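Student: Give me the fold of what follows.
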Amino acid sequence: MSVSVTRDRRPRIPLKVTYKVIITNPDGSIAKVIEGKGDDPFSWNFPYLFYASLIAPSQSEQIVDVSGTALFLFTPGVPTEYQGPAVAIPYPAATLCLVNCPGTPNVPYKLKLPGIWLFSTPFSGQPMVSNIYSSLITNVTYYTPAISPGITPNIGATNTVTIIQSFTNTSGSPITVASFAVVAAFYPVTSSGFAGTPYFIDIAYFNLPSSLIWSPAAGMIVQATFQVPT
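Tutor: Next comes the predicted model:
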């Protein structure tokens, strides 16, 4: 029996996902708070990675990094018929990282830090960072993200995982923010351990109810909370 997941009909995952965006004035006071929820926030990379973990290494699988490079998993070569930037990753295991990730200064992306990335345009259609990579906001300060600690599964309980990150508009100009994504470092696991330089892939995305104007020298705190039923 084979399992097929079409990329424009991602499986619904029974999670409650909420987000909060806090804009702070230069003096630290709160200027604005935006709260919302995401009924289906995951990029198609997320279920495809789960599916790939079930079939590895019996057949190859394909995901896409944040810049649009195809990552062909569990295969020694890129299919000859594939057109476009691509990399073959033959190793049968991989892991994701959001905090304290090694090797990230060497990645070839506009940002060298996994975590929450900000965009000046919303996601539409098939939700992938590669579709709006050119709208990535880079001329601001991204601080290291944090993840809530002490996740302990209990039968009948709900586990809560919160990713939180701070930013400062150091560009000197107002900036439009329309959406954000959770981006992870993806490490193939080789016979020597983690690959030295990871790839960046998006695992979740969020559109704000309406675009906000982020003033110069103002701060921003973004948090995304995933509540996992057990």
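
Student: where does this protein have low pLDDT?
Tutor: Applying pLDDT under 70 to the chain flags residues 1-14, 53, 55-58, 149-158, 229-230.

Student: What segments of it are helices?
Tutor: 45-55 (DSSP state H).

Student: how near is the residue nearest to the spatial centre of it to residue 107?
Tutor: The residue lying closest to the centre of the chain (Cα atoms, centre = their mean) is residue 183, at 2.3 Å. Distance from residue 183 to residue 107, counting by Cβ to Cβ, to the nearest Å: 11 Å. Yep, even glycine has a C-beta here, placed from its N, CA and C like the rest.

Student: which neighbours do those two share?
Tutor: Counting by Cβ atoms under 8 Å, 6 or more residues apart in numbering, the common neighbours of residue 183 and residue 107 are residue 200.

Student: where along the chain do the strands fall?
Tutor: Assigned by DSSP state E, the strands in the chain fall at 16-24, 30-38, 61-64, 70-73, 86-89, 94-97, 115-119, 141-142, 146-147, 158-168, 175-190, 193-194, 199-214, 219-229.

Student: List the buried residues in the second one.
Tutor: Judged by neighbour count (16 or more other Cβ atoms under 10 Å), strand 30-38 contains these buried residues: residue 38.

Student: Partner strands of it, with direction?
Tutor: strand 16-24 (antiparallel) (DSSP bridges).

Student: export the strand it pairs with as PDB, just CAs?
Tutor: Output of strand 16-24 as PDB, limited to C-alpha atoms (Å, rounded to 0.1, in the frame of the first residue of the first chain):
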ATOM      1  CA  LYS A  16      -4.500  24.600  18.600                       C
ATOM      2  CA  VAL A  17      -2.100  27.200  17.400                       C
ATOM      3  CA  THR A  18      -2.200  30.800  18.600                       C
ATOM      4  CA  TYR A  19       0.100  33.800  18.100                       C
ATOM      5  CA  LYS A  20       0.700  37.200  19.600                       C
ATOM      6  CA  VAL A  21       2.600  40.200  18.200                       C
ATOM      7  CA  ILE A  22       3.500  42.900  20.600                       C
ATOM      8  CA  ILE A  23       4.800  46.300  19.300                       C
ATOM      9  CA  THR A  24       6.800  48.200  21.800                       C
END
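
Student: How about residues contacting it?
Tutor: Residues contacting strand 16-24 (Cβ under 8 Å, 6+ apart): 30-39, 41, 158, 180, 204, 206, 208, 212, 214, 218-227.

Student: Run a quick neighbour tally on the nearest residue to residue 168 once chain neighbours are set aside.
Tutor: Leaving aside its chain neighbours, residue 168 sits nearest to residue 141 (4.4 Å; criterion: Cβ to Cβ, 6 or more residues apart in numbering). For residue 141, the count of nearby residues is 11 (other Cβ atoms under 10 Å).

Student: ok, residue 141 touching residue 165?
Tutor: No - in this structure residue 141 lies outside contact range of residue 165 using Cβ atoms under 8 Å: 11.0 Å.

Student: circling back to that earlier point, mind listing what the residue nearest to the centre of the chain touches?
Tutor: Counting by Cβ under 8 Å, 6+ apart, residue 183 touches 66, 111, 114, 115, 116, 117, 129, 200, 201, 202, 203.

Student: Identify the farthest-apart pair in these.
Tutor: Among those, the pair separated by the greatest distance (Cβ to Cβ) is 111 and 203, at 15.3 Å.
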